[in-house]
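S.K.: Here's a sequence, model it:
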Amino acid sequence: MTFFTLVTHHGSRGLGAHLYKRGHKAAIKETSRIVRGIPKAAAWLDTETEIGADYGEALQNIGCWTKANHESIHSRFLRCLGASKVTHFGNEDNFVSKRGDQFLHSKGATPASNDDEGRPLLGLIPLSMAAPILITLGRNNEEFLSFAPHGAGRNQSRTATMRDFKKANGEVDDASVKRAIRDATKGLDIRWYYGKGDLSESPVGYKPASQVRSQIEQFGLADIVAEVTPLGCLMAGDGGPQPWRKKDYLAPKQLRQIEHRADRRKTRQATRHWEELDED
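M.R.: A predicted model of the protein is given here:
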């Protein structure tokens with residue numbers, strides 16, 4: 001009998017970012033009330049206060065929401081295939097957790113510790129879409145706060161990755177991007193929801209998987225007990241500029257048309273407002 005594994009990654013994305021921004025804004029306000037001269041990046045919330053406790057609870061709720069999305073994706077996938085689940089497990093990364101009286105911010109990291117009974121935690125480390133996914137048991141290495149990398153990670157930013165694939169006029173060389181993704185994912189079924197490949201999410205944008213794997217073993221972060229060999233990968237792909245940034249890519253005539261339509265909407269709204277006042 002052949003068993004297949006579905007591995008998903010679902011972050012809090014926009015919702016989590018908005019929560020962080022509101023929390024940081026509250027932290028800046030609370031910190032300035034206590035002491036002066038603290039940089040905004042170093043602002044904090046006291047967890048013993050109501051607002052600090054609310055923020056901590058909100059962070060955990062975001063984690064539960066993300067986990068529920070994972071479960072929804074898996075159940076829908078199985079339903080479409082008419083298949084059944086044998087078992088499932090997962091772990092969080094890029095999250096805030098409390099261990100004893102310490103709060104740990106694990107950016108770019110995943111738990112590699114023991115559970116409450118001292119047993120090593122089972123974990124997943126997907127390095128890149130073209131590399132085996134590692135199934136690990138945590139080594140609880142306190143020197144590294146009992147964490148391991150949550151993936152291969154980037155050598156540079158998304159913007160810097162794309163810089164080498166631009167023409168002299170500044171436009172992205174789509175043909176070169178397509179070739180680079182094809183060469184980096186040879187033999188795999190790679191699909192993009194938007195139809196256009198995203199170079200920054202391909203192996204081209206990440207550190208060598210073999211190097212990160214060897215570092216996990218070298219520093220004793222986790223024991224690699226099994227691998228999931230990838231057959232393919234489905235990613236969002238390049239959906240173009242975000243809706244709120246599209247004006248940066250429009251021609252002057254298109255911008256004028258958008259502004260004209262916006263002015264007409266405002267005029268209609270104002271007219272309706274005064275008509276309603278007259279009726280009153």
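
S.K.: what about dumping the CA coordinates of stretch 34-46 to PDB?
M.R.: Output of stretch 34-46 as PDB, limited to C-alpha atoms (Å, rounded to 0.1, in the frame of the first residue of the first chain):
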ATOM      1  CA  ILE A  34       6.500  54.900  31.800                       C
ATOM      2  CA  VAL A  35       9.900  56.100  30.500                       C
ATOM      3  CA  ARG A  36      11.300  58.500  27.900                       C
ATOM      4  CA  GLY A  37      14.000  57.900  25.300                       C
ATOM      5  CA  ILE A  38      13.100  54.300  24.400                       C
ATOM      6  CA  PRO A  39      13.400  53.600  20.700                       C
ATOM      7  CA  LYS A  40      10.000  52.600  19.100                       C
ATOM      8  CA  ALA A  41      11.500  49.200  18.100                       C
ATOM      9  CA  ALA A  42      12.200  48.400  21.800                       C
ATOM     10  CA  ALA A  43       8.700  49.300  23.100                       C
ATOM     11  CA  TRP A  44       7.000  46.600  25.300                       C
ATOM     12  CA  LEU A  45       3.700  45.700  26.900                       C
ATOM     13  CA  ASP A  46       3.600  44.500  30.500                       C
END
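
S.K.: buried sites along that stretch?
M.R.: Residues Ala43, Leu45 are the ones in stretch 34-46 that count as buried (16 or more other CB atoms under 10 Å). For glycine as for every other residue, the C-beta is placed from the backbone atoms N, C-alpha and C.

S.K.: same question, stretch 55-71
M.R.: Tyr55, Gly56, Leu59, Ile62, Gly63, Thr66.

S.K.: Narrow those to those in strands?
M.R.: Counting by DSSP state E, these place none of their members in strands.

S.K.: and of those, the nearest to Gln211?
M.R.: For the buried residues of stretch 55-71, the closest approach to Gln211 (CB to CB) belongs to Thr66, at 28.5 Å.

S.K.: Could you list the low-confidence segments of the stretch 51-200 of the chain?
M.R.: Counting by pLDDT under 70, the stretch 51-200 of the chain shows no low-confidence range.

S.K.: Domain boundaries for the protein, per the record?
M.R.: Annotated domains of the chain cover 1-88, 111-240, 246-271 [automatic domain parsing].

S.K.: Could you pull up the mean pLDDT of the last one?
M.R.: When the per-residue pLDDT values of domain 246-271 are averaged, the result is 71.

S.K.: Tell me where the chain has helices.
M.R.: With helices called from DSSP state H, the chain shows them at 13-34, 50-81, 158-163, 174-184, 209-218, 252-279.

S.K.: Just put those helices in JSON lines and tack on distance to Ala130.
M.R.: Supplementary listing: the helices of the chain in JSON lines, determined by distance: least, CB to CB, whole Å:
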{"stretch": "helix 13-34", "distance to Ala130": "23"}
{"stretch": "helix 50-81", "distance to Ala130": "21"}
{"stretch": "helix 158-163", "distance to Ala130": "16"}
{"stretch": "helix 174-184", "distance to Ala130": "6"}
{"stretch": "helix 209-218", "distance to Ala130": "8"}
{"stretch": "helix 252-279", "distance to Ala130": "39"}
